[in-house]
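**Q** let me see the structure of the following:
(chains A, B and C)
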Amino acid sequence: MAKTVSANGFDLDDSGQRVVVDPICRIEGHLRIEVNLDEANTIRNAVSTGNMWRGLEVILKGRDPRDAWAFTERICGVCTGVHALVSCRAVEDALGIPIPANANSIRNLMMLAQYTQDHLVHFYHLHALDWVDVTSALQANPRQTSALMQSISNWPKSSPGYFSDVQNKLKRFVESGQLGPFANAYWGSPAYKLPPEANLMAVAHYLEALDFQKEIVKIHTIFGGRNPHPNWLVGGMPCSINVNDTGAVGAVNMVWLNQVSDIINQAIAFVDQVYIPDLKAIAAIYKGWGYGAGLAGKNMLAYGEFPAYANDFSNDSLMLPGGAIINGDLSTVYDVDVRNPEEIQEFVTHSWYDYPGNSDGGLHPWDGVTEPRFELGPNAKGTRTNIEALDEGAKYSWLKAPRWRGNAMEVGPLSRFVIAYARGREDVKELVDSTLRDLDLPLTALFSTLGRTAARGLECTWSAHKMREVFDSMMANIKAGDTATANMEKWEPETWSVDTKGVGIGEAPRGALGHWIHIKDTKLENYQAIVPTTWNASPRDPAGNIGAYEAALLGTPLANAEQPLEILRTIHSFDPCLACASHVMSPDGQELAVVKLR
Amino acid sequence: MPVQETFYEVMRRHGITRRSFLKFCSLTAAGLGLGPEFAGKLAHALENKPRTPVIWLHGLECTCCTESFIRSGNPLAGDVVLSMISLDYDDTLMAAAGHQAEELLEQTIEKYDGQYILACEGNPPLNEDGMYCIQGGRPYVEKLRHMADHCKAIIAWGSCASWGCVQAARPNPTRATPIHKVILDKPIVKVPGCPPIAEVMTGVITYMIAFDDLPELDRQGRPKMFYSQRLHDKCYRRPHFDAGQFVERFDDEGARRGYCLYKVGCKGPTTYNACSTIEWNGGLSWPVKSGHGCLGCAEDNFWDKGSFYSAVTDFGVLGDVEADADRVGAILAGAAAIGVAAHAAVSVASHLSGSKQGSKENG
Amino acid sequence: MATVMETKHAPENQAAVYVFEAPVRIWHWTHTFSILVCAATGYLIAYPLPSVGGEASQHFLMGNLRLIHFISSYVFAIGFVVRLYWAFVGNRFSRELFLPPIFKAAWWEGLWYELRFYLFLTREQRKTPGHNPMAQIAMWLFNVLLGLVMIGTGFALYGEGLGLGSWADRLFGWVIPFFGGAQNTRMWHLMGMWLLIVFAIIHVYMAIRADIIGRQSSVSTIISGWRTYKDDLP
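**A** Below you'll find the model as predicted:
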């Protein structure tokens, strides 16, 4: 093969040294990346492989649609709740169930809390160590670290004594020789550019954020009973509101509402005074490292999220609008119709599945088929159960290749922000423009690994502040006398249509999420989900388009071919979630044909 | 560097005073439901026992167990990971990747053969040669077996590792298999729940390290300290159950007054867990307290027992045909009644004709 | 097995036989009563009545239903044990319930004959002082086997409330994992109720039918204990 050009315009060259990174750690699930390097250790070919398949959608066949949220919630425990919400929307869409205004607000609050917590954890615990050298923090001067912190934030924990304590803690940890999760990493690599003081500041916040993240999810605990995996309900939310009547202590009452309000304030403070200043400090140092664009700025997709008005998913209602941008033309944002069989399609030519008749065509999720077929291509190295290198010319991933009108698309916070920006949303524009101004960067700087990371941070502060807005409007609604949280008119299966289809869409923290369902005789006949990581980590399609991960890795030089630090950086900037990405269903909901029982 | 530093030494190095250390011990003892006399024992154990390496593997799962673990408030997850155990491998949190990560497994075996705890999140699929879950190009089940061979004991985190959970629900297309059916020769502590409560997770691991022993287990391999009672037994809505006060529909008057959720499908009466006592996220709430019935997520195969909103259980033995005991029972009773009626009718007819014949013969 | 068979002569017909001794008859009726009470309360535990109003502390409806269920369950279980004891000390008919003579060829022949009889393939029913082979097998399945299942599942569930380490848990706790969890155990316990209802329907029908068109007494036998015959034919 050697040199080729992908259908979406990327130069590929697989002649150089092949490097395999498996497992990619600090992600959800199991992912493998293979790259070819040229003589200068620059990535010239990239292969992204989903390493797992759980078959949840075939398990859903024949179940009660009202239970589906609980099954799909278990698709992912990191972005917990997002699948449950979208599943409820799909069932409500199919059965024609409008939800009350309070339920809409509570759902928005829970989703916003999820964004805030998930983005925070991703930045500090899954991504920061790609930019922050933990051992370098040992060389920092605590007094200068304090000065640095105080120059960028008024967060109270910023004294020289505080940083000195953190440094001593770290020093003793390193001296013990038991490095635990920090063992065998890439410390000291020339790819790390932060001064020791910035590293110490970030390590301190790594620990602070680990303690703080658990506070944000308490919003889920109040409305959904727990986190991870809070409870939801088709037709609204299961938590009743009772603020001024007998038995209020048995429902969502003033005490809990006050607590939610308090958590929102704490979240805003932490994100604005710790996360955002850290992000800007790190970005200012790394802004010269402009790799990792891939599909960013070219092909981006969002369905939109946070309906301001219950049951209205039009862009007028959505706080973050949906749309698609093609070929880098930001002046045109296309509307996306998730029901149109010509728009969203999945391909399996390079996935470990078969379509009937080995077809290379694409299928809309309502007609989705998934029959697993695990086989390696002729150029793969190793054996079936000991793979050394994959053959990307054949099947090579447990992920399918979803495409919008034939295009590979990138989804995620950056896509959402770029689409909101292109649609002229003032709140998003202001956030983006002011940040770029502070860093002295053009808009195009967003189309990079660092841009993805920055957009996630900006969305985190946007979400935290939005929670305040949603909470206040919910309180106003309760004050106006509306305390309903669930619409039970169509709860009983006898009230349902015999044969009906529905779709639920939304935006997980990681990007556009859709669930397509078919209900027949009160049971689930077909269930199909296309999740953000399936878009981003997608393998090649029959037309030769490469996926977003693969595209983003191309052209990136590695400081050391033995250390995949730069690969981790770019892959982590997408916040992969592989448990989400694996899926299955067969035509018209028939049983899997190829499952071998041994 | 002392290879095996005690927990107490580590805490001292981290600048924690003896006073705070003892306070921590008494809080932990109380958190484990142990009496105050155990605080001293705990302190003694932590002062003298070396830190135990923990290898945390992930199979087919959704990572909700890890997410729950880091929600622990007492002790803080950060303290557990950095000071109480030595988390030598956890692909969700570790800085290394690829072969640098996998090397750590061999290093641990070399240094701590037979001494480390293997914490399993998720389960291995056995179909397709195990290749429904690939790690480092190989089936996950191989890695699991290899690491289990050299470990001291296994913690099966969550319902995936303990029972199989969602990917093992009917028809279990990947043949996802719980740990105890793959690893037969090691002690296994099941900590079920989807996910388990954060403080239950840290409580179990702290107990194992502090007392250098497995917690006492029930018949099904779960620690008695957290799994010996049903949610129903300690539910604060129990008085409404006993009184006969139920939520009939979500968001009705009963729901707003906090009545019992049994009629809308609460599985509290059949679920063994600590939700109704320890509660979630720092004791803030738990599913029933926030208005939704318990799903029964700590129970074996809780996915295949009918709708979560039904008070009765799916038969589960008739494959895809949904049939609960009442439906089957009512059909059988109906069939018996019809059969009896039909038989009676035939008997009467036959008896009449019989006696006619009989009288003819006699006459 | 040398039980003296008491007989008494009814006016004209073949000699009547004393089949059901007093403890068996008392057991039969307490058993019937406990099954009825258990089924009614059990159903209401599975499907509670509409909610009552007012404060929880003013009511104990479910609590009382459960209490009645537990008391009548004890009557059922203790009755079962007493009945088992009587099988050792009672007359030869008292053992029929527990030990259908399945190793005797004649018994199988009798079963075949009864099957044909109930399918109207043969006209005359044979006389049997106790239960006929078909009734014996039904009695064993529904009273002994199902009775044990109900006692096992019932006390296992009861032990959940008494707690780990209670007598019920120690004796019957293994039943719960055996059935695949507490929920399944409840489900089979409920299923058992339905099977007992099925048995009751057929049992009552058979008894009355036999009384009306059979050649021997049936309903009166479980009241008086005596099997009387309507003719002197063998």
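
**Q** three-state assignment of the residue of chain B found nearest chain C?
**A** Of all residues in chain B, residue B:329 sits closest to chain C, at 2.4 Å by CB to the nearest CB. Bear in mind the C-beta positions are built from the backbone N, C-alpha and C, glycine included. Judged by DSSP: H, G, I helix; E, B strand; the rest coil, the three-state class of residue B:329 is helix.

**Q** quick one: residues contacting it.
**A** With contact set as CB atoms under 8 Å, 6 or more residues apart in numbering or on different chains, residue B:329 has these partners: C:190, C:191, C:193, C:194, C:195, C:197, C:198.

**Q** the helix or strand containing the fourth one near chain A anywhere?
**A** Element membership of residue C:194, judged by DSSP states H and E, is helix C:182-213. No: Helix C:182-213 lies apart from chain A when judged by CB under 8 Å from any CB of the partner chain; the minimum separation is 14.9 Å.

**Q** how far off centre is the helix or strand that that helix is followed by?
**A** Counting by DSSP H and E, the element after helix C:182-213 in chain order, helix or strand, is helix C:219-224. Distance of helix C:219-224 from its chain centroid, counting by CA atoms, centre = their mean, to the nearest Å, is 16 Å.

**Q** in the sheet, which strands lie alongside whichever helix or strand comes after helix C:219-224, parallel or antiparallel?
**A** Sequence order places strand C:226-227 as the next helix or strand after helix C:219-224, per DSSP H and E. Partner strands for strand C:226-227, per DSSP bridges, with pairing direction: strand C:16-18 (antiparallel).

**Q** residues touching the residue nearest the centre of chain B, list them.
**A** Nearest to the geometric centre of chain B sits residue B:192, at 1.2 Å (CA atoms, centre = their mean). By CB under 8 Å, 6+ apart, residue B:192 lies in contact with B:156, B:158, B:159, B:162, B:163, B:222, B:227, B:273, B:297, B:298, B:299, B:300.

**Q** quick check: phi and psi on it?
**A** When read as degrees, to the nearest 10, the backbone of residue B:192 gives phi -80, psi 170.

**Q** measure it to residue B:226 for me?
**A** Distance check for residue B:192 against residue B:226: by CB to CB, to the nearest Å, it reads 10 Å.

**Q** ok, residue A:125 - how many residues close by?
**A** Using other CB atoms under 10 Å in any protein chain shown, residue A:125 is surrounded by 18 other residues.

**Q** my guess is it contacts residue A:208, does it?
**A** No: the criterion here is CB atoms under 8 Å, and residue A:125 misses it with residue A:208 at 11.5 Å.

**Q** quick one: low-confidence parts of the chain?
**A** In the absence of a named chain, chain A is used. Within chain A, the ranges that satisfy pLDDT under 70 run A:1, A:582-598.

**Q** that's the wrong chain, I meant chain B
**A** Looking at chain B by pLDDT under 70, you get B:1-7, B:10-11, B:13-15, B:27-38, B:41-50, B:315-323, B:354-363.

**Q** tell me the domain ranges of it?
**A** Per the record, chain B has its domains at B:1-49, B:51-227, B:231-304, B:326-357, by automatic domain parsing.

**Q** make JSON lines from the ones you listed and add distance to residue A:220 to it.
**A** Below are the domains of chain B laid out as JSON lines (distance: least, CB to CB, whole Å):
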{"stretch": "domain B:1-49", "distance to residue A:220": "22"}
{"stretch": "domain B:51-227", "distance to residue A:220": "10"}
{"stretch": "domain B:231-304", "distance to residue A:220": "8"}
{"stretch": "domain B:326-357", "distance to residue A:220": "35"}
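
**Q** residue C:223: how many residues sit nearby?
**A** Neighbours of residue C:223 using other CB under 10 Å come to 12.

**Q** with residue A:543 instead?
**A** Residue A:543 has 17 nearby residues by other CB under 10 Å.

**Q** what's near enough to touch it?
**A** Shown in contact with residue A:543 (CB under 8 Å, 6+ apart): A:7, A:406.

**Q** and it, how far from residue A:349?
**A** Residue A:543 sits 9 Å away from residue A:349, going by CB to CB.

**Q** kindly report the same for residue A:45.
**A** 18 Å.

**Q** neighbour-wise, which of these two wins?
**A** residue A:45 (27 against 21).

**Q** so is the more buried one in a helix, a strand, or just coil?
**A** Per three-state DSSP, residue A:45 ends up strand.

**Q** hmm, it is touching residue A:14, no?
**A** Yes: applying CB under 8 Å, one finds residue A:45 in contact with residue A:14, separated by 4.3 Å.

**Q** spit out the residues that contact those two alike.
**A** Common neighbours of residue A:45 and residue A:14, counting by CB under 8 Å, 6+ apart, are A:36, A:392.

**Q** how about the strands in the stretch 101-250 of chain B?
**A** B:117-121, B:134-135, B:138-139, B:153-157, B:188-191 (DSSP state E, counting those that start in this stretch).

**Q** ok, and for stretch A:551-563, which residues are buried?
**A** A:551, A:552, A:553, A:554, A:555, A:556, A:558, A:563 (16 or more other CB atoms under 10 Å in any protein chain shown).

**Q** ends of that stretch, what's the gap?
**A** Start-to-end span of stretch A:551-563 (CA to CA, to the nearest Å) is 20 Å.

**Q** and stretch B:117-136 with chain A, contact?
**A** Yes: judged by CB under 8 Å from any CB, stretch B:117-136 comes into contact with chain A at B:125, B:126, B:127, B:128, B:129, B:130, B:131, B:132, B:133, B:134, B:135, B:136.

**Q** residues in contact with residue 325?
**A** As the question left the chain open, I've gone with chain A. Contacts of residue A:325 by CB under 8 Å, 6+ apart are A:298, A:299, A:300, A:301, A:332, A:333, A:334, A:415, A:418, A:419, A:422.

**Q** please refer instead to chain B.
**A** Per CB under 8 Å, 6+ apart, neighbours of residue B:325: B:312, B:313, B:315, C:187, C:188, C:190, C:191, C:194.

**Q** now, the most widely separated pair of these?
**A** Pairwise distances across those peak at 13.5 Å for B:313 and C:194 (criterion: CB to CB).

**Q** neighbour count winner among those two?
**A** residue B:313 (27 against 21).

**Q** let me know how buried the nearest residue to that one once chain neighbours are set aside is, in neighbour terms.
**A** Nearest residue to residue B:313, sequence neighbours excluded (CB to CB, 6 or more residues apart in numbering or on different chains): residue C:187, at 3.8 Å. The local packing of residue C:187 (other CB under 10 Å) involves 28 other residues.

**Q** separation between residue A:253 and residue A:476?
**A** 17 Å.

**Q** show me which of these two is the more surrounded one.
**A** Neighbour count, other CB under 10 Å: between residue A:253 and residue A:476, residue A:253 has more, with 18 against 11.

**Q** residues in contact with the more buried one?
**A** Residue A:253 sits next to A:242, A:243 when contact means CB under 8 Å, 6+ apart.

**Q** now stretch A:98-112: buried residues?
**A** By 16+ other CB under 10 Å, the buried positions in stretch A:98-112 come out as A:99-112.

**Q** ugh, wrong one, I meant stretch A:202-215
**A** Within stretch A:202-215, the residues that qualify as buried by neighbour count (16+ other CB under 10 Å) are A:202-210, A:212-215.
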